[in-house]
Each structure stands twice: as C-alpha cells, then as structure tokens.
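**Q** Sharing a sequence plus its predicted fold:
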Amino acid sequence: MPAPDGPAAPDDLATRAAALVRDAVLGDLARRVVADCGADVGLVGVPDPEVTGPAAEGMVLRHWAGTRAELLHGLAVPAGTGLGGRALAERAPNWVPDYRAATTISHHYDAAVTAEDLYAMLTVPLLHHGAVHGVVYASLRAVVPFGDVRIGAVTRLAEAATRALAGAAAWCGAPAAADPAPRGPGPSARPAPSAPRPAPPLTRREHEVLRWAATGRTNPEIAAQLGLTCNTVTGYLKSAMHKLGVRNRTELALAARGSGLLD
C-alpha cells in the first residue's frame, strides 16, 4: 500500500501560490480591460513552450472577458501571427482600427475574430527585464482608431499586471532582479516566502471574500458562493483594500499572499 501523502514541500507551496496569483492577476487584467478601458472584449495570452512559430515561441489565450463565442478560448498563437503574435515577437504594442481589413498582419485567426464580431484591436506585451509574461488584448466591436488615452490606459494596466507577475515569480524562487520594486542591491530587499509580513486584522467575512477574489472570481460569483449581495462583496473588498493599503484587486491579491492571508 502506498504511503499517505505528507505535507507539501515549501518549494511546492511557493510554486502553487505563485500560480494562483498569476491566474488571479491575469484574469483580473482581462476583466479590467473591459471594465476600465471601454473595450468590448479583453483577452490575455500566456507564453507556452509547446506553441512555436516563425519566431520559435508562442502563447495560448488563457483568460478572457466579454466574449460571446468560444473560438478564442484556449487559442494557440505563435509569435509573429495575428496582432497578438506580432506584439509578442516585436516586444511592443500594436493596434489596428479594423482587424479584418488590416494589411500589416497575418490573418490566421479571422474566423475566431469574425465569430466575436471584433474590428478594432490593441495588443500590449507584459514585459519585465526583457522577459514576456504574456500579451493583453483590448478589442472593440466597431471600426475605431485607438487614441492615446485608451492606449495609455491599457498600457498602464499591463504594467501593473507585469509588476504583480514579477512578484509572483519572486515567491517561486526567481532572481531578485525579477522583484517589481526592489528596495536595495541584494536579495535581502525581498521578503522571504517563508517569513510573511504580519497580516492586518480582517474580519471573517473580509477574509472569506478576499480568498475567493484571489482565485479570480468576480463579485457576482463571490456573492453567489457566500450568499451575499454584490454591494456587500464590494464593501468587504474595499475594506480589505483599505486595511492592506492597496488600490485594486491585483495589488490586493499580492498583498494578501505576502501577508500570509491566503496560506
């Protein structure tokens, strides 16, 4: 008879924690592109070593918000193909007012784009120290030019998500250079995963709502799970944000993990 499973090793726990935070951050990023930037559809592609193309790298669309069909869900995008693959290859934002009529990109994914009735599209890579953590898409169901305001808004969301992902990588044992906000020249500037910062006092309900939010659940989903109203869930999240000194759900997930509240 096999021996019963023992407690998980610290490295395994750190890896699982980092993966949970990455999923929460990227899921929140896709939703905020729609909620905060006026896009109809938000997508996030995640690097995948099994997806290769002209640039020998690629990604898979793992997170989405606002979609009507499912052709974009789990879509493999090699670097250099489509608008997102171009952003991945060039390490730079790309946008077109009308995806279907664009002559500067490949049209590998026209069927999926047409199924979603998408036209205008912006893609921004999540870059940190030369490494690409993913690509975020902001798409509209209309032919419109992308102005500086919308491009800037999506870019700022991408930068915030990238800092959060770099922090998650640091918990998993990445070099100190991946720290999104280093405070000193050496690794000691980054808190060790095994010594979390003291957690501020949260109520039982705040803690419950926080744990569900950190898994990427939306407020209505959390409300249904806990038998609360959406307004009540929003109130608990705002209270938790205030106590942890953060401004949004992405920072909340990071601060909660760093304080040991999600262990």
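**A** In hand now; what should we look at?

**Q** Give me the three-state assignment for the closest residue to L122 other than its chain neighbours.
**A** In space, L122 comes closest to W95 once its chain neighbours are excluded; the distance is 4.0 Å by Cβ to Cβ, 6 or more residues apart in numbering. Where you see a C-beta, it was placed from the backbone N, CA and C, and this is true even at glycine. Three-state assignment for W95 (DSSP: H, G, I helix; E, B strand; the rest coil): strand.

**Q** quick one: W95 and Y119 touch, right?
**A** No. When contacts are counted by Cβ atoms under 8 Å, W95 is not listed as touching Y119 (11.6 Å).

**Q** got the residue ranges for the helices in the stretch 151-263 of the chain?
**A** Taking DSSP state H, counting those that start in this stretch, the helices of the stretch 151-263 of the chain run over residues 204-214, 219-226, 230-244, 249-258.

**Q** Just say which of those helices is most tucked in.
**A** helix 249-258 (a mean of 23; mean count of other Cβ atoms under 10 Å).

**Q** got the angle between it and helix 219-226?
**A** Taking axes from the mean of the first three to the mean of the last three Cα atoms, to 10 degrees, one finds helix 249-258 and helix 219-226 inclined to each other by 40 degrees.

**Q** tell me the angle helix 249-258 makes with helix 204-214.
**A** In terms of direction (the same axes, to 10 degrees), helix 249-258 departs from helix 204-214 by 110 degrees.

**Q** Identify the residues contacting helix 249-258?
**A** For helix 249-258, the external contacting residues (Cβ atoms under 8 Å, 6 or more residues apart in numbering) are 17, 20-21, 24-25, 28-29, 160-161, 164, 167-168, 171, 191, 196-197, 210, 213-214, 237, 240-241, 244-246, 262.

**Q** Quick one: mean pLDDT for that helix?
**A** Helix 249-258 carries an average pLDDT of 73.

**Q** quick revisit: out of the helices of the stretch 151-263 of the chain, the one nearest T155 is which?
**A** T155 lies closest, by Cβ to Cβ, to one member of the helices of the stretch 151-263 of the chain: helix 249-258, at 14.9 Å.

**Q** how far does that closest one sit from the chain's center?
**A** In this view, helix 249-258 has its centroid 13 Å away from the chain centroid, taken as Cα atoms, centre = their mean, to the nearest Å.

**Q** Name the nearest residue to P201, sequence neighbours excluded.
**A** Nearest residue to P201 in three dimensions, chain neighbours excluded: K243, at 7.3 Å (Cβ to Cβ, 6+ apart).

**Q** Mind checking which of the contacts of helix 249-258 are buried?
**A** 17, 20-21, 24-25, 28-29, 160-161, 164, 167-168, 171, 196, 210, 213-214, 237, 240-241, 244, 246, 262 (16 or more other Cβ atoms under 10 Å).

**Q** residue ranges with poor pLDDT in this protein?
**A** Residues of the chain that meet the criterion pLDDT under 70 lie in 1-11, 14, 52-56, 168-200, 216, 250, 263.

**Q** the strands in it, which residues?
**A** For the chain, applying DSSP state E gives strands covering 41-47, 58-65, 76-78, 94-96, 121-128, 131-139.

**Q** From the rest of the structure, what touches the fourth one?
**A** Looking back up the chat, that one is strand 94-96. Strand 94-96 has contacts (Cβ under 8 Å, 6+ apart) with 83, 86-87, 102, 104-105, 120-123, 146, 151.
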